[in-house]
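S.K.: what follows is a predicted protein model with its sequence.
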Amino acid sequence: MEIQKKQFIYRGKSIEELKELEVREFAKYLPSRQKRTVLRNFQVIEEFIKRAKSKIEKGKKMRTHKREIIIVPQMIGMAIQVYNGKNFNPILIEPEMLGHRLGEMSGTRNKVAHSKAGVGATKGSKHKAKK
């Protein structure tokens, strides 16, 4: 018996149906904040998609500092490297990321791993021999 993977549906539309829509048409299915951003910056998003596709076809890595771009269906399957302030983090865009920003997928803060205090950091270690 074969187990089928559940088909991803976004607001009642399948991925194939969403990929056929233009960026401005897809904006109708987004929450209000993202819709406003997409409708104001749809030219930037379309230009970004065109640049990304041409770079990926040539076999180059797509790197970007544009963390504010909303993920749209035409980006699904792309491997993009997003800058986090220090490094470029590789991201494979999946259907679950629709409507989110690129910056959300590339965190800017690391988890702090605390270790024991160094010599001189506490009162008890202040007067110990440093040998």
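M.R.: Perfect, I can see it now.
S.K.: all strands of the chain, in order?
M.R.: For the chain, the strands defined by DSSP state E cover 9-10, 13-14, 62-64, 79-83, 88-92.
S.K.: for the protein, what's the longest helix?
M.R.: When the chain is parsed with DSSP state H, its longest helix is helix 32-57.
S.K.: list the buried residues for that helix?
M.R.: Of all the residues in helix 32-57, those buried under the rule 16 or more other Cβ atoms under 10 Å are 34-35, 37-38, 41-42, 45, 48-49, 52. All C-beta atoms are positioned from the backbone trio N, CA, C, and that covers glycine.
S.K.: now swap in stretch 79-89 and tell me
M.R.: 80, 82-84, 88.
S.K.: which pair in those spans the largest distance?
M.R.: 80 and 84 (12.7 Å; Cβ to Cβ).
S.K.: still on that earlier bit, between the longest helix of the chain and strand 79-83, what angle do the directions make?
M.R.: Interaxial angle, helix 32-57 versus strand 79-83 (axes from the mean of the first three to the mean of the last three Cα atoms, to 10 degrees): 120 degrees.
S.K.: output the contacting helices and strands for helix 32-57.
M.R.: helix 23-26, strand 62-64 (3 or more Cβ pairs under 8 Å, 6 or more residues apart in numbering; DSSP states H and E).
S.K.: pLDDT (mean, whole number) over that helix?
M.R.: Helix 32-57 comes out with an average pLDDT of 95.
S.K.: gap between that helix and the chain center?
M.R.: 13 Å (Cα atoms, centre = their mean, to the nearest Å).
S.K.: again with stretch 72-86
M.R.: Centroid separation for stretch 72-86 versus its chain: 5 Å, with Cα atoms, centre = their mean.
S.K.: again with stretch 11-21
M.R.: In terms of Cα atoms, centre = their mean, the centre of stretch 11-21 is set 20 Å apart from its chain centre.
S.K.: over to stretch 2-22?
M.R.: Distance, stretch centre to chain centre, for stretch 2-22: 20 Å (Cα atoms, centre = their mean).
S.K.: and that stretch, how far apart are its ends?
M.R.: 35 Å (Cα to Cα, to the nearest Å).
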